[in-house]
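Visitor: Turn this into a structure:
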Amino acid sequence: MKRRMCSVLLGTVLALALGVVSPTRAEPIKIAITKLLSYAPVPIAIERGYFAKQGLDAQMVYFDSAEPMVVALASGDVDFGVSGLGAAFYTLASQGRIQVIASASIERQGFYNLVLLGSNKAFDAGLTASTLPGHSLGMTQVGTSLQYSVGLIAEKNKFAMSTLTIRPLQSIPNVITALAGGQIDMAVLPATPALALLDRGTIKNLGWISDLAPGWMGAVAFTSTKAADERGEMVRRFLVAYRQGAHDYHAAFATADNKRQDGPDAPAMLELLSKFTSIPAPMIDRATPYLDSESRVVLDDLAHQIAWYKSQNLMKADLKPEQFVDKRYAKLMPAK
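Guide: Numbering: from 1, shown residues only. Below you'll find the model as predicted:
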């Protein structure tokens with residue numbers, strides 16, 4: 001009997017040491033997400049049982065774009081979100097309602113995620129990545145990270161965003177349809193939904209954002225301030241699983257020094273992500289974003305993003321990253 005009790009106690013100690021939680025019934029959580037590779041840690045952690053090991057019954061709730069999922073989290077309809085950053089996100093963050101707890105995708109040279117696309121009509125008329133002024137730019141919503149990526153190109157090439165006509169079209173499928181039909185001249189989109197059209201020549205690749213404007217953090221994982229303050233143990237368990245998913249992704253597609261290279265787990269990872277996105281695995285392998293293996297947050301970049309959105313009159317609030325990046329949970333990228 002004593003031997004059995006010792007075995008049980010030893011097993012409990014080992015489970016705690018490994019960060020494994022096994023409550024009687026898993027705690028349900030809802031995660032707002034879009035079916036994009038930038039948000040891969042969540043489906044990886046679900047598929048490989050990392051959330052379950054943390055005693056969490058994780059359910060993905062799908063959205064077409066970032067802004068409505070931020071609103072859903074702020075209203076309590078979901079517990080976590082993983083999305084691109086934008087003016088709406090920062091405005092809600094300025095109200096003290098959102099806390100960033102991890103990074104998702106980061107635009108890094110050698111990894112292909114966001115792409116600047118042109119319609120055939122505009123391309124045939126001379127549109128290139130160097131001749132953007134005077135053209136129409138399709139967006140899901142005004143003030144998203146997709147618009148910010150073009151803002152970085154504008155800074156680099158020294159032209160004003162006011163020289164572009166912004167067309168908000170509400171969803172990625174709508175943007176793709178308008179681009180293919182020539183109703184807009186260009187758009188920035190995650191590459192994987194557009195690869196089939198690129199292969200058919202229906203639209204044109206004007207350049208990868210990771211080459212045109214590298215080095216910025218395009219997406220984050222976040223929770224509500226209420227959850228961060230009142231459900232800290234649950235948030236920490238979420239992050240254990242989320243970071244395990246990010247680690248697996250990085251190991252599958254990058255070397256230890258962050259160069260793009262498929263690892264031994266790449267075939268299995270590609271199949272998992274194909275199931276998540278409904279995009280064929282070979283296409284995913286052509287357009288894999290960079291994810292930090294520890295999901296670290298880049299504070300300096302967030303400050304630049306806020307300054308840009310304010311300069312474009314897309315947000316008014318005075319805000320610093322330290323106000324909404326929750327250092328109780330987030331790991332930070334060392335400053336350059």
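Visitor: going forward, measure contacts and count neighbours with C-alpha atoms only.
Guide: Will do.
Visitor: what about the protein, any weak spots by pLDDT?
Guide: 1-24, 65-66, 336 (pLDDT under 70).
Visitor: V188 is in contact with V175, correct?
Guide: No. Taking contacts as C-alpha atoms under 8 Å, V175 lies outside contact range of V188: 9.2 Å.
Visitor: tell me, what's touching the two both at once?
Guide: 138-139 (C-alpha atoms under 8 Å, 6 or more residues apart in numbering).
Visitor: Looking at those two, which is more packed in?
Guide: V188 (28 against 24; other C-alpha atoms under 10 Å).
Visitor: Quick check: bridge partners of the residue nearest to the more buried one when sequence neighbours are not counted?
Guide: Closest residue to V188 apart from its sequence neighbours, by C-alpha to C-alpha, 6 or more residues apart in numbering: L116 at 4.5 Å. Per DSSP bridges, the residues bridged to L116 are V188, G207.
Visitor: Identify the residues contacting L116.
Guide: L116 makes contacts with 129, 186-189, 205-209, as judged by C-alpha under 8 Å, 6+ apart.
Visitor: rerun that using 10 Å as the cut-off
Guide: By C-alpha atoms under 10 Å, 6 or more residues apart in numbering, L116 lies in contact with 128-129, 146, 149-150, 186-191, 204-209, 212.
Visitor: Which residue ranges of the stretch 1-150 of the chain form strands?
Guide: 27-33, 56-62, 80-84, 98-103, 105-106, 114-119, 136-139 (DSSP state E, counting those that start in this stretch).
Visitor: typed the wrong thing, it's the stretch 151-300 of the chain
Guide: 165-168, 186-190, 203-208, 219-224, 290-291.
Visitor: any idea which of those is most buried?
Guide: strand 290-291 (a mean of 28; mean count of other C-alpha atoms under 10 Å).
Visitor: Off-centre distance for that one?
Guide: 9 Å (C-alpha atoms, centre = their mean, to the nearest Å).
Visitor: Just checking: what are the partner strands of that strand?
Guide: strand 105-106 (antiparallel).
Visitor: Spatially central residue for the protein, please.
Guide: The residue lying closest to the centre of the chain (C-alpha atoms, centre = their mean) is A219, at 3.4 Å.
Visitor: wait, it sits on S145?
Guide: Yes. When contacts are counted by C-alpha atoms under 10 Å, A219 is listed as touching S145 (8.1 Å).
Visitor: Give me the common contacts of the two.
Guide: Joint contacts of A219 and S145 (C-alpha under 10 Å, 6+ apart) are 66, 83-86.
Visitor: what would the strands of the stretch 151-300 of the chain look like in TSV with distance to H304?
Guide: Output for those, formatted as TSV (distance: least, C-alpha to C-alpha, whole Å):
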stretch	distance to H304
strand 165-168	21
strand 186-190	20
strand 203-208	21
strand 219-224	14
strand 290-291	20
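Visitor: before we move on, the earlier item: I'd like the strands of the stretch 1-150 of the chain as CSV, with distance to A266 appended.
Guide: Formatted as CSV, the strands of the stretch 1-150 of the chain follow (distance: least, C-alpha to C-alpha, whole Å):
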stretch, distance to A266
strand 27-33, 23
strand 56-62, 23
strand 80-84, 23
strand 98-103, 21
strand 105-106, 18
strand 114-119, 21
strand 136-139, 32
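Visitor: closest to D318 out of these?
Guide: strand 98-103 (15.2 Å; C-alpha to C-alpha).
Visitor: which residues of the stretch 1-150 of the chain fall in helices?
Guide: Here the stretch 1-150 of the chain has its helices, by DSSP state H, counting those that start in this stretch, at 2-17, 41-47, 50-53, 66-74, 87-94, 120-124, 145-157.
Visitor: Tell me which of these approaches T163 most closely.
Guide: Nearest of these to T163, taken as C-alpha to C-alpha: helix 145-157 at 9.9 Å.
Visitor: Format the CA atom coordinates belonging to that closest one as PDB.
Guide: Output of helix 145-157 as PDB, limited to C-alpha atoms (Å, rounded to 0.1, in the frame of the first residue of the first chain):
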ATOM      1  CA  SER A 145      -1.900  45.200 -40.400                       C
ATOM      2  CA  LEU A 146      -2.300  44.600 -44.200                       C
ATOM      3  CA  GLN A 147      -2.700  48.300 -44.700                       C
ATOM      4  CA  TYR A 148       0.200  48.900 -42.300                       C
ATOM      5  CA  SER A 149       2.500  46.700 -44.400                       C
ATOM      6  CA  VAL A 150       1.800  49.000 -47.400                       C
ATOM      7  CA  GLY A 151       2.500  52.000 -45.100                       C
ATOM      8  CA  LEU A 152       6.000  50.500 -44.500                       C
ATOM      9  CA  ILE A 153       6.600  50.300 -48.200                       C
ATOM     10  CA  ALA A 154       5.400  53.900 -48.500                       C
ATOM     11  CA  GLU A 155       7.900  55.000 -45.800                       C
ATOM     12  CA  LYS A 156      10.700  53.100 -47.500                       C
ATOM     13  CA  ASN A 157       9.900  54.600 -51.000                       C
END
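Visitor: now P28: how far from G232?
Guide: 15 Å (C-alpha to C-alpha, to the nearest Å).
Visitor: neighbour-wise, which of those two wins?
Guide: G232 (14 against 11).
Visitor: Am I right that H250 is in contact with Y290?
Guide: Yes. Contact criterion C-alpha under 10 Å: H250 and Y290 qualify, at 7.6 Å.
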